[in-house]
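A.B. asks: Got a predicted structure here, sequence first:
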Amino acid sequence: MTDTTLSAPARTERVTNFRFSATETLKHVCLILGAVIVLLPFYVMLSYSFKSPSEIMTNTGGFFGAQELFRDDYCIKLGNEVADCMVKPWIYNYTTAFSKAPLLRYLMNGVIVTASIFFIQVLVALPCAYALAKLRWRGRETVFSLVLFCLLIPVHAIALPLYIMLAKLGLTNTYAALIVPWTISVFGIFLMRQFFMTVPDDLIDAARMDGMSEFGIIWQVMLPTAIPALLAFAIFSVVAHWNDYFWPRIVITGTRELFTPPLGLREFKGDADGDNFGPMMATATVIVTPLIVAFMLAQRRFIEGITLTGMK
């Protein structure tokens, strides 16, 4: 059936459907291109963790590499026979990642630091967000404006004053130096405040009529309702501090025992011949895997939390 035999409404509907289809196709193409750009570094990282040094330098061998046995010169330096030091590239890369540096200790340090920061951030953010969202007091809007202003201050701008303060207190090269500066999260306060604005006031009034204190309302009423927002905030907080290299590099200088996972990558700095690129990529794979797994498990709640904080 040609366009000339179609009625005017039918032609209009056909044109509308074509435009909608073209728009959806363009959106999907943009999303696919964006996904490729984001995933390409992970592809390279995972591929290099399987390859031998020569394959990495020549960029050959496909994704997994040829997996041919190659000689581990460090093994020979330890006095072993050449036959005993022939290993497959992926085994060499991942075993070196754990043997050349105390990677498990670095991972444990990362867990301690990120978990402590998030726990204290929640203890501070929930009461502050509740006060800004549900309580009426003089200066509330001014304080909220200061919270928004603090969101604009980059970490690098306050790094030097923070370091001087910690140095004078003798807290450098300690867990406190890694944790204390980030225990108050203005982003967490803002995110939770936006979520609490969606909670009906009737729920809070009912809790007050039951004789609950304001702190009781925070921890027994508001906290259970804020689980989606807390999971969203947890993803932001944990990823930011797990991957942070800038601040730990400043305050941890005297001991390897307190290295966080990103600092642990420094143990595998590539030499001029690039022999350490494989173990470095294997270490990076081990470091990012827990974050990817955690995000996949919490993906639905994460999206729900971000969505609800935009409602009022």
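C.D. replies: Here it is on my side, so go on.
A.B. asks: all contacts plus neighbour counts: C-alpha atoms, from now on.
C.D. replies: OK.
A.B. asks: Based on its surroundings, how many neighbours for D201?
C.D. replies: By other C-alpha atoms under 10 Å, 12 other residues sit near D201.
A.B. asks: show me the contacts for the closest residue to it other than its chain neighbours.
C.D. replies: Using C-alpha to C-alpha, 6 or more residues apart in numbering and skipping the chain neighbours, the partner closest in space to D201 is K134 (7.7 Å). Residues in contact with K134, defined by C-alpha atoms under 8 Å, 6 or more residues apart in numbering, are F196, M197, D201.
A.B. asks: can you list those residues in CSV and add secondary structure and pLDDT?
C.D. replies: CSV is the format used below for those (DSSP: H, G, I helix; E, B strand; the rest coil; pLDDT from 0 to 100):
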residue, secondary structure, pLDDT
F196, helix, 89
M197, coil, 88
D201, helix, 86
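A.B. asks: and which of those residues is nearest R256?
C.D. replies: Proximity of these to R256 was ranked by C-alpha to C-alpha; the top entry is F196 with 42.0 Å.
A.B. asks: follow-up on the earlier one: look at the residue nearest to D201 and report its pLDDT.
C.D. replies: pLDDT recorded at K134 is 89.
A.B. asks: quick one: it and M212, what's the gap?
C.D. replies: 15 Å (C-alpha to C-alpha, to the nearest Å).
A.B. asks: which residue sits closest to the residue nearest the centre of the chain, ignoring its sequence neighbours?
C.D. replies: Nearest to the geometric centre of the chain sits V239, at 1.9 Å (C-alpha atoms, centre = their mean). Leaving aside its chain neighbours, V239 sits nearest to L291 (6.9 Å; criterion: C-alpha to C-alpha, 6+ apart).
A.B. asks: contacting residues around the strand or helix carrying that neighbour?
C.D. replies: Following DSSP states H and E, the helix or strand that holds L291 is helix 277-297. For helix 277-297, the external contacting residues (C-alpha under 8 Å, 6+ apart) are 45-46, 48-53, 56, 92-94, 96-97, 103, 107, 235, 239, 261-262, 265, 268-270.
A.B. asks: Identify the residue spatially nearest to C150, adjacent ones excluded.
C.D. replies: Spatially, and ignoring its direct neighbours in sequence, C150 is nearest to V186 (6.7 Å; C-alpha to C-alpha, 6+ apart).
A.B. asks: and the one you found, what does it touch?
C.D. replies: A125, V147, L148, C150, L151.
A.B. asks: And stretch 232-240, what's buried?
C.D. replies: The neighbour-count check on stretch 232-240 (16 or more other C-alpha atoms under 10 Å) flags A232, F233, A234, I235, S237, V238, V239 as buried.
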